[in-house]
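S.K.: Prediction below, plus the sequence it came from.
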Amino acid sequence: MKIHLIIALWFLLGLAVMNEVHAEIFVYPEKGQTQQQQEQDEFACYSWAKQQTGVDPNQVSQQPAGTPPPSGGAAGGAVRGAVAGTVVGAIAGDAGKGAAIGAGAGAVGGAAKQRNQAEQQQQTQQQATAQQQQANQSYNRAYSTCLQGKGYRVG
C-alpha cells in the first residue's frame, strides 16, 4: 500500500513539473510589432533560451522515469532467512526450528530493507523534481529576458 502511494506521488510530481515548464507566458508587443514579427521574435528567444539553459519546453518531461518499487520485502526476507535458518538449525540439531527462527528474522529484515529502499527512491525523486523545477525557472527567465530585450512585455 505504501509503495502504491509513493508511486502515485511520483506521478503527481512529474505532472506538476511538466505543467510548470509549459505554463503559459503572455507576451505583449509594446513597440507595435506585427504578429509575424512577434512569432519570429518568440522563436528566436525560444532558441536562445534553450541554448542558454539546455531546457526545451517542447519536450515532454526531462525528468527521469520513476524507478520500480523495491522488491523482496518481508516475503523475500522470510524465504532467505528460512533457508539460512535451516542450515544453522541442521548444524545445531533442529532444522525445522532453525528455519522458523530464520524466517521470522528474515521477514523483519526484508521489510526494513524494503522501507529503506522506498525512502531512498522517494528522496531521489524529490531531488530530481527540484532540479527540474530550477531548470524550468531558468528557461522561463531566459526566454522572458530575451523577449523584453526585443521590446515585449512578458507576464
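M.R.: Good, I have the coordinates.

S.K.: In three-state terms, how would the residue nearest to residue 55 when sequence neighbours are not counted be classified?
M.R.: Using C-beta to C-beta, 6 or more residues apart in numbering and skipping residues adjacent in sequence, the residue nearest residue 55 is residue 139, 3.9 Å away. C-betas here are computed from N, CA, C, even on glycine. Following DSSP: H, G, I helix; E, B strand; the rest coil, residue 139 is assigned to helix.

S.K.: ditto for residue 55
M.R.: Taking three-state DSSP, the label given to residue 55 is coil.

S.K.: what does the one 4 residues further on give?
M.R.: At residue 59 the chain is in coil, as set by three-state DSSP.

S.K.: Next, count neighbours for it.
M.R.: The number of residues packed near residue 59 is 10, by other C-beta atoms under 10 Å.

S.K.: quick one: the strands in the chain?
M.R.: Under the criterion DSSP state E, the chain carries strands at the ranges 27-29, 152-154.

S.K.: Could you list the buried residues of the last one?
M.R.: Of all the residues in strand 152-154, those buried under the rule 16 or more other C-beta atoms under 10 Å are residue 152.

S.K.: Check which helices and strands that strand sits against.
M.R.: Contacts defined by 3 or more C-beta pairs under 8 Å, 6 or more residues apart in numbering; DSSP states H and E place strand 152-154 against strand 27-29, helix 95-149.

S.K.: Repeat the analysis, applying 10 Å as the threshold.
M.R.: strand 27-29, helix 35-53, helix 95-149 (3 or more C-beta pairs under 10 Å, 6 or more residues apart in numbering; DSSP states H and E).

S.K.: could I get the ones you listed as JSON lines with distance to residue 59, mean neighbour count and mean pLDDT?
M.R.: Conversion of the helices and strands packed on strand 152-154 to JSON lines gives the following (distance: least, C-beta to C-beta, whole Å; neighbours: other C-beta atoms under 10 Å; pLDDT from 0 to 100):
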{"stretch": "strand 27-29", "distance to residue 59": "21", "mean neighbour count": "16", "mean pLDDT": "96"}
{"stretch": "helix 35-53", "distance to residue 59": "10", "mean neighbour count": "15", "mean pLDDT": "97"}
{"stretch": "helix 95-149", "distance to residue 59": "11", "mean neighbour count": "17", "mean pLDDT": "86"}
